[in-house]
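J.: Provide a 3D model corresponding to the input given below.
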Amino acid sequence: MAAASPSPSAAAANIMLAIYEKKPLSIDLYRPLRQYISFIYSEREAVNLEDDLSTVKALRSDIERIPDPSPTARRDLLISYFKSLCQIETRFPISPDKDHINTVQFTWFDAFKQKQKAVQQNIHLEKAAILFNLGAVYSQIGLSYDRATVDGRRLASHAFIAAAGAFAYLRDNASTKASMGNSTTVDLSVECAGMLERLMLAQAQECVFENTIAKGSTPGVCAKISRQVGLYYEETLAALNAAPLKDHFEKAWIAHVQLKATLFYAEACYRYGLELHEKEEIAEEIARLRSGVSALTEAKKSSKGAAPQLLDAISKLEVNLNRNLERALKENDRVYLMRVPSPSSLPSLPAFSMVKPMQMNEVLDASKEKMFANLVPDSSAKALSRYTEMVDDIIRTQAEKLQQGSELTRVRLKEMDLPDSILALEGNFHLPEDLKYEVEKVQASGGPAGLEAELQQLRDLRRVNQELLVQTEELLQKEAAEDAQFRSQFGKRWTRPQSSTLTKTLQERLNKFAANLKQAGESDLRIERSLREHSMLMSILDRRPIEGALPSLSRPIMSLDANEDAIVGAVKQSLRQLETLGARRAGLEDMLKEMKRKDDILPKLMTSTGSYDDLFRKEIAKYDHICEEIAQNIEAQEQLLMQIQAQSEEFAAVFNLEDYKASREKCYKQIQAAIAKFKEIKENINEGLKFYVTLQDAITNIKQQCSDFVMTRNIQCREMMEDVQRQMAGFSFQDRKNSGPYPPVGESHQTPRSNSQQQTESQTIAFTSSQTPYYRPPEQPIPGYGHPPPPYSAVQQPSPYHVPPTAVPYPSPQTQQQAPVGHDYSQPAYPGWRGPYNNATAQQPGSLPPTPPYTTPNPYYPHQSGYYKR
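T.: Got it, this is the predicted structure:
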């Protein structure tokens with residue numbers, strides 16, 4: 001597998017184009033604007049606006065000077081001046097009219113053929129020229145960054161994106177108006193602005209491509225980005241070779257753009273070939289590489305005037321392409337033996353754009369500018385407000401008519417069951433949206449077929465709970481049996497409490513759990529029975545698509561005149577006409593809103609010398625043709641609905657539509673009933689799953705308590721056996737003194753234990769050792785014993801298992817004393833046992849809290865759900 005070489009186009013990274021600014025002739029805006037203010041408004045108003053007039057004069061003078069050495073300062077100057085022009089445009093009418101400012105002529109030279117110039121007496125030329133220069137300055141900023149670094153290329157890409165945004169704004173908002181005068185230049189045309197936008201995007205994408213290579217991205221990603229660079233250059237080249245730009249630019253420009261387009265197409269072929277080689281798609285790799293080599297060879301024929309660095313990059317890329325092509329041909333001849341397709345038969349290379357023109361609306365927004373803000377007279381402002389209210393009233397009235405027409409159509413068609421009945425005849429069934437949504441929810445959750453798996457989960461959880469319960473009961477039974485055995489063996493000397501007195505609470509809880517399990521099992525059986533009984537009803541929900549379960553509308557079996565097709569065709573034709581009218585209504589509403597957005601009569605109000613009412617009537621008349629078209633649309637719709645009503649009645653009679661609608665409604669109700677039953681069963685199953693999970697936690701908790709109880713009883717058993725044996729040894733010593741020879745120390749007079757008893761004791765001791773991690777002895781011993789208290793002696797259970805602990809299970813360290821030898825085992829060995837298992841009343845101060853690893857279980861309320869009610 002060949003590794004990707006550094007991009008051959010990197011050598012051409014610094015070969016990019018920047019645009020020169022247009023040059024203007026000097027002009028004085030101060031004097032004409034001041035004279036207009038003084039004449040139309042007052043000399044006082046002119047004095048008050050002196051600062052604004054001076055600012056405009058200074059900005060225009062700075063525009064005319066030699067460009068600022070700092071491109072960013074030049075950019076800010078152009079933006080400020082453009083906003084000022086927006087303010088001037090709405091307040092000062094500049095045109096040849098005698099009542100306007102007719103002494104101002106704007107002159108700008110072509111940026112590419114500087115002998116050509118445009119001279120116009122309107123502000124549109126001035127605004128278009130400033131926008132052009134803004135795009136040019138952004139391109140110069142992009143060219144000023146060090147594009148040999150990652151950050152430099154990123155900043156350059158942003159600058160070229162901004163330049164593309166400026167040229168796009170020029171094309172969309174100013175080029176057309178600037179080209180309407182008698183004198184224009186090509187550089188401000190819509191075609192030229194679009195070409196420059198594509199060129200700037202190409203250079204921005206090229207910077208992104210170089211950074212992608214620097215980051216070590218995969219060949220497939222690099223190929224897509226490179227191909228998009230080539231596409232942008234190809235679009236630029238196509239615009240340069242078409243009118244009116246053809247022959248307007250230097251040949252070096254044409255050669256540069258053409259070579260760049262070819263270079264990045266070949267680069268994409270090279271990168272895509274690397275990805276194909278990794279996938280072992282050798283045949284397509286050979287075709288792609290051949291296509292790239294062919295493109296480079298053809299491009300070099302028309303490279304006159306191109307930069308040497310660009311030609312060098314093409315040569316290096318050609319070497320890489322040929323090297324990989326030779327390697328691929330050898331591998332194909334020796335290993336793959338694939339048929340190489342023709343390059344013309346291959347699909348287009350994938351491309352992905354990483355750049356788009358920057359939105360300039362916010363950058364050039366002049367709505368917050370304060371310049372000439374106080375210039376609008378009060379009468380003009382009030383007149384503008386009145387006119388706006390008139391326009392709003394027209395639009396509101398017409399919009400209501402359109403909405404009422406659409407709503408009327410919807411209601412009438414629903415009454416006639418159209419177009420649903422036509423669709424049903426063609427096999428295109430549709431459920432109501434709310435019903436379809438419910439069916440999709442059921443199917444997404446597994447549908448009726450998935451309920452059996454959930455029932456199996458219910459059975460498994462019930463079995464696990466039953467097994468846990470049995471294991472817990474066996475623990476207590478085994479401990480009780482051992483205790484009974486030792487009590488029988490030692491008789492009255494075995495003084496510790498019986499197991500049954502200590503495990504009463506545990507047994508009661510286990511019995512409750514068993515009863516709950518039994519009742520839950522009965523509920524499970526009811527669920528299974530309900531699922532079996534309603535499986536046929538719910539089977540309709542497994543139909544995919546669900547529309548397949550709906551009844552079909554069939555043609556009549558017998559027909560006298562066989563005109564069914566004609567009836568259906570007439571209805572469908574009328575529905576198409578109705579749809580066309582509806583689409584037209586939506587277009588009329590949008591047209592009204594767009595007219596209002598563009599309807600700015602402020603300049604006319606400010607220059608009007610006659611009656612405002614005459615002006616209003618003239619301007620409002622612009623909306624008359626739309627209002628008339630809306631009225632015609634509503635009338636045509638009413639006529640068409642009457643026609644469709646007659647056709648629908650005939651259709652219903654021929655196709656027996658009433659019977660179909662009845663069967664369809666029956667099917668809808670069946671689906672609704674199936675959904676309701678599915679939800680009911682699934683809700684019961686979910687409730688059962690929740691119950692079993694909660695019960696499992698509770699049983700696991702009590703099993704842990706029982707294990708701890710058994711462990712502690714085993715420890716107690718061992719110690720009591722040692723104590724009893726010591727007592728018996730002391731009695732034997734007295735007997736020996738009184739009655740003769742002494743038996744050996746430690747020998748009991750009782751019957752020797754059987755092997756099973758010895759094995760039980762050894763198992764008890766082993767069990768105690770195995771439980772060591774669950775038992776952490778505190779520092780202070782319990783009175784009378786040398787072992788620590790059980791860790792569960794003060795465990796508190798939440799309701800309904802909560803049994804409050806009793807008095808302090810352990811005395812304080814100050815009162816602890818060693819028990820005498822003859823300790824009374826007739827009392828419980830551990831005061832803690834009187835807490836959890838003897839229903840003590842309340843916890844006394846000083847009782848121990850639960851200690852790890854025992855945690856307080858979650859509350860368990862087995863009888864608060866309808867799932868368990870009989």
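
J.: how far away is Phe82 from Ala481?
T.: Here Phe82 is placed at a distance of 100 Å from Ala481 (Cβ to Cβ, to the nearest Å). C-beta here means a position set from N, CA and C on the backbone, and glycine is covered the same way.

J.: In three-state terms, label Ala166 for me.
T.: helix (DSSP: H, G, I helix; E, B strand; the rest coil).

J.: which residue packs closest to it, ignoring adjacent ones?
T.: With Cβ to Cβ, 6 or more residues apart in numbering as the criterion, Ala166 has its nearest non-adjacent residue at 3.5 Å, and that residue is Gly135.

J.: Same check on Asp146?
T.: Of all residues not flanking Asp146 in the chain, Gly152 sits nearest, at 3.9 Å (Cβ to Cβ, 6+ apart).

J.: wait, that neighbour sits on Tyr145?
T.: Yes: with contact defined as Cβ atoms under 8 Å, Gly152 counts as touching Tyr145 (4.4 Å).

J.: give me the low-pLDDT residue ranges for the stretch 251-400 of the chain?
T.: 367, 377-380 (pLDDT under 70).

J.: Where do the helices of it begin and end?
T.: All helices of the stretch 251-400 of the chain, identified by DSSP state H, counting those that start in this stretch, fall at 251-278, 282-300, 308-331, 378-415.

J.: got a pLDDT number for the residue nearest to Asp146?
T.: In this prediction, Gly152 carries a pLDDT score of 94.

J.: Ok, Ser552 next?
T.: Taking Ser552 on its own, its pLDDT is 63.

J.: Next: Ala819.
T.: 37.

J.: same thing with Phe106?
T.: Phe106 is given a pLDDT of 93.

J.: cool, and Asn102?
T.: 89.

J.: Verify the contact between it and Gln121 for me.
T.: Yes: contact criterion Cβ under 8 Å: Asn102 and Gln121 qualify, at 6.5 Å.

J.: okay, the two: which has more neighbours?
T.: Gln121 (19 against 14; other Cβ atoms under 10 Å).

J.: Any stretches of the stretch 101-250 of the chain with poor pLDDT?
T.: Along the stretch 101-250 of the chain, the model assigns pLDDT under 70 to residues 181.

J.: again, only using 90
T.: 101-102, 114, 122, 148, 176-184, 243, 246-247, 250 (pLDDT under 90).

J.: Which residue ranges of it form strands?
T.: Assigned by DSSP state E, counting those that start in this stretch, the stretch 101-250 of the chain shows strands spanning 106-109, 117-120.

J.: Now tell me what touches the last one from outside.
T.: Contact with strand 117-120 is made by 105-110, 125, 178, 181-185, 188, as judged by Cβ atoms under 8 Å, 6 or more residues apart in numbering.

J.: ok, now with 10 Å
T.: Identification of contacts with strand 117-120 by Cβ atoms under 10 Å, 6 or more residues apart in numbering yields 22-25, 94-96, 104-110, 125-126, 128-129, 178-188.

J.: Buried residues in that strand, which are they?
T.: For strand 117-120, the neighbour count (16 or more other Cβ atoms under 10 Å) marks Lys117, Ala118, Gln120 as buried.

J.: picking that back up, residues near the residue nearest to Asp146, how many?
T.: For Gly152, using other Cβ under 10 Å, the count is 17.

J.: quick one, what contacts it?
T.: Ala13, Ser144, Tyr145, Asp146, Cys207, Glu210, Asn211.

J.: distance of the third one from Leu375?
T.: The one in question is Tyr145. 42 Å.

J.: With neighbour count and distance to Gln498 added, can I get the contacts of Gly152 in a markdown table?
T.: Converted to a markdown table, the contacts of Gly152 look like this (neighbours: other Cβ atoms under 10 Å; distance: Cβ to Cβ, whole Å):
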| residue | neighbour count | distance to Gln498 |
| --- | --- | --- |
| Ala13 | 20 | 94 |
| Ser144 | 16 | 97 |
| Tyr145 | 18 | 92 |
| Asp146 | 11 | 93 |
| Cys207 | 28 | 89 |
| Glu210 | 25 | 88 |
| Asn211 | 19 | 84 |
